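Visitor: Whatever this is, show me its structure:
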Amino acid sequence: MNFIAPESLIFWTTAIFIVFFFLLKKFAWKPILGAVKGREDSINTALASAEAARNEMQNLKADNERILQEARIERDAMIKDARDIKETMLAEAKEEAQKQGDKIIAQAKATIESEKNAAMSELKNHVSSLSIEIAEKLLKDQLSNKEAQVKLVEKMLDEVKLN
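Guide: Presented below is the predicted three-dimensional model:
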């Protein structure tokens, strides 16, 4: 047999291929298939975890939106309550100020009235004392002569009888 003839080369190539194929099947095929299977499993696991992470991110995003909406609603409620409290406090302050103003005005009026009454009383006393002084002086002048005294007594008696 000629080893370099083209027919023999085909034979030897086929024989070496078959031996190499059986050796690969015996020793390398299982580890290669195991590595490919492991790689396929890790890729599937990574895809599943990525899908789960995407779903979880969507859930977290929805939860964040819901929490933000609730926070906005609560903030609006707090602002409304604060405005209501402010308006109530302003109304109460205005009412209290009005009451205090009315009270001060009433006190001022009472003080003015009492001062007016006191002034009127003092004026009456002063007028009466002046009237008495004037009457006294007039009576002294009129009563200084006898004839004027008799005339005054008669006039007074006439007035008494008329009443």
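
Visitor: Run the chain-centre distance for the helix or strand of the chain with the lowest mean pLDDT.
Guide: Every helix and strand in the chain was compared by mean pLDDT, DSSP states H and E; the lowest is helix 146-162, with a mean of 74. Distance, stretch centre to chain centre, for helix 146-162: 89 Å (C-alpha atoms, centre = their mean, to the nearest Å).

Visitor: which secondary structure elements does it contact?
Guide: helix 29-142 (3 or more C-beta pairs under 8 Å, 6 or more residues apart in numbering; DSSP states H and E). Placement of C-beta: from N, CA and C, glycine included.

Visitor: how big is the angle separating the helix it packs on from helix 146-162?
Guide: 120 degrees (axes from the mean of the first three to the mean of the last three C-alpha atoms, to 10 degrees).

Visitor: Check the offset of the helix or strand harbouring Trp12 from the chain's centre.
Guide: Element membership for Trp12, per DSSP states H and E: helix 6-23. Distance, stretch centre to chain centre, for helix 6-23: 92 Å (C-alpha atoms, centre = their mean).

Visitor: And for stretch 118-132?
Guide: 64 Å.

Visitor: One more: stretch 97-105?
Guide: That offset, for stretch 97-105, works out to 29 Å (C-alpha atoms, centre = their mean).

Visitor: how close does Lys30 sit to Ser42?
Guide: Here the criterion is C-beta to C-beta, to the nearest Å. By it, Lys30 lies 18 Å from Ser42.

Visitor: circling back to that earlier point, and the helix holding Trp12, what does it pack against?
Guide: Helices and strands touching helix 6-23, as assessed by 3+ C-beta pairs under 8 Å, 6+ apart, are absent.

Visitor: For Ser121, give its distance to Ser128.
Guide: To Ser128, Ser121 is 10 Å away according to C-beta to C-beta.

Visitor: same check, this time on Leu24
Guide: Taken as C-beta to C-beta, the span from Leu24 to Ser128 is 148 Å.

Visitor: can you pull the pLDDT of Asn163?
Guide: pLDDT recorded at Asn163 is 46.

Visitor: from now on call the first residue 798
Guide: Got it, first residue is 798 now, which makes that one Asn960.
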